[in-house]
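output the structure for:
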Amino acid sequence: MSHPILNTKTDDCRHAAYVARPSPLGNPYAIGPDGDRQTVIARYRDWLTARIAERDPVVCTALLGIRREQPLSCHCAPAPCHAAVIAEVLDGGVQDRLRNHCAETLRYAGIGSRSTPDHVLQVMRKVAHRLSELGYTLLSGGAAGADEAFEEGCRQQGCFGKREIYLPWPGFRHLKGRHCVTLPSAEAFRVAEAVHPAWKRLNDTAQALMARNSHQVLGADLRSPVDFVVCWTPDGCESEATRSRTTGGTGQAIALADRWGIPVVNLAGGKTAMGQLAGLVQDSVSA
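Next up is the predicted model:
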């Protein structure tokens, strides 16, 4: 088993993935009310198998956040517990299967910093316009700066591109219309919590903004990942591992996309980024 199981009370768990309750991967069945130890482990196995089969966004996002050979921590080790089931599932290649997006959807997330430079905003408008012409649907968040530029590109020169604008609360920036979706779902908040490194330190406003990012990447039902993410951040971040304070709030969407195997194109990369985007679009159109 490539994921050692540690005890939260007796072992050094600073680098382990916590999988006990109230983690999304915690066992919903308790010894006593739901049976003996072996029974609740067996019931957990069935529960986890079902959650994976239906691509439960919260459980699957948590599974995708566990690194290769990263220890798991629970309260039971060395006694048998549900963590062993998680380790077996990970060793069985569940992450690769979840990241395997069989079909292109012609949907992308266009997002980025509110302080995106003007010359990059212009690139975003051109990118959004061209993608609209190719039949892509934009998923974004209605914020000033990058989000606004992508949406403007969808409307340039008589182009009325399809778009889904996910707002963190009703009345956000006074935006409204059929393309606006308000109030992130309860699942979106739980997905965001599974990804954010300091969720409990965020106030309600910040949590709503992070939850809205869940929909930008995984769609309205949180089970329909976009084909790719186009963004701009000051540090050029394109993965969860390189996320930092400099990345800003866009880092939440980048990290979520990275977990799900969704390519991230950060326009801070200049010509290299544009070449990467061209390759992704060509693959989508020719698929």
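
roughly how far is stretch 134-151 from the heart of the chain?
With CA atoms, centre = their mean, to the nearest Å as the basis, stretch 134-151 stands 17 Å off its chain's centre.

hmm, residue 141 is touching residue 147, no?
Yes. With contact defined as CB atoms under 8 Å, residue 141 counts as touching residue 147 (4.9 Å). Using the backbone N, CA and C atoms, a C-beta is placed for each residue, glycine as well.

what about the helices in the stretch 51-200 of the chain?
57-64, 83-91, 94-99, 118-133, 146-154, 186-195 (DSSP state H, counting those that start in this stretch).

name the helices or strands packed onto the third one?
For helix 94-99, the helices and strands in contact under the criterion 3 or more CB pairs under 8 Å, 6 or more residues apart in numbering; DSSP states H and E are helix 57-64.

again, but for the last one
In terms of contact count using 3+ CB pairs under 8 Å, 6+ apart, helix 186-195 is assigned the packing partners helix 57-64, helix 204-218, helix 250-259.

among these, which is nearest residue 271?
helix 250-259 (20.5 Å; CB to CB).

what's the helix or strand just after the closest one in contact with?
Using DSSP states H and E, the helix or strand that follows helix 250-259 towards the C-terminus is strand 264-266. Strand 264-266 is contacted from outside by 228-233, 236-239, 254, 257-258, 273, 276-277, 280, using CB atoms under 8 Å, 6 or more residues apart in numbering.

leaving out sequence neighbours, find the closest residue to residue 79.
What sits nearest to residue 79 in space, not counting adjacent residues and going by CB to CB, 6 or more residues apart in numbering, is residue 37, at 7.1 Å.

what do you get for residue 45?
residue 85 (5.0 Å).

confirm residue 13 sits in a strand?
No. Residue 13 sits outside any strand when classified using DSSP: H, G, I helix; E, B strand; the rest coil, being coil.

which residues sit in contact with the closest residue to it other than its chain neighbours?
Spatial nearest neighbour of residue 13, excluding adjacent residues (CB to CB, 6+ apart): residue 73 at 4.0 Å. For residue 73, the contact set (CB under 8 Å, 6+ apart) comprises 5-8, 11, 13, 16-20, 83.

rerun at 10 Å
Listed by CB atoms under 10 Å, 6 or more residues apart in numbering, the contact set of residue 73 reads 4-9, 11-20, 23, 83.

ditto for residue 35
Contacts of residue 35 (CB under 10 Å, 6+ apart): 29, 41-43.

isn't the residue nearest to residue 45 right next to residue 52, touching?
No. The pair residue 85 and residue 52 fails to qualify as a contact (CB atoms under 10 Å) at a distance of 11.3 Å.

between those two, which one's more packed in?
Using other CB atoms under 10 Å as the criterion, residue 85 and residue 52 rank with residue 85 on top: 21 against 16.

sorry, back to before: residues that sit against both of residue 141 and residue 147, list them.
109-112, 165-166, 173, 175, 216, 250.

which among these gets closest to residue 191?
Nearest member of the shared contacts of residue 141 and residue 147 to residue 191, counting by CB to CB, is residue 216, at 11.2 Å.

what bits of the stretch 1-150 of the chain have low per-residue confidence?
Low-confidence segments of the stretch 1-150 of the chain (pLDDT under 70): 1.

what is the neighbour count of residue 139?
Applying other CB under 10 Å, we find 27 residues neighbouring residue 139.

pretty sure it contacts residue 180?
No. Using CB under 10 Å, residue 139 is not in contact with residue 180, being 12.0 Å away.

so what sits against both of those two?
Shared contacts of residue 139 and residue 180, defined by CB under 10 Å, 6+ apart, are found at 163-166.

TSV for those, including distance to residue 154 and neighbour count?
Formatted as TSV, those follow (distance: CB to CB, whole Å; neighbours: other CB atoms under 10 Å):
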residue	distance to residue 154	neighbour count
163	5	22
164	11	18
165	10	25
166	15	27
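
return the subset of those residues lying in strands.
Taking DSSP state E, the ones among the shared contacts of residue 139 and residue 180 that sit in strands are 163-166.

how is the protein divided into domains?
As given by automatic domain parsing, the domain ranges for the chain are 5-99, 107-286.

could you say which of those is packed most deeply?
Each of those was assessed for mean neighbour count using mean count of other CB atoms under 10 Å. The highest is domain 107-286, with a mean of 19.
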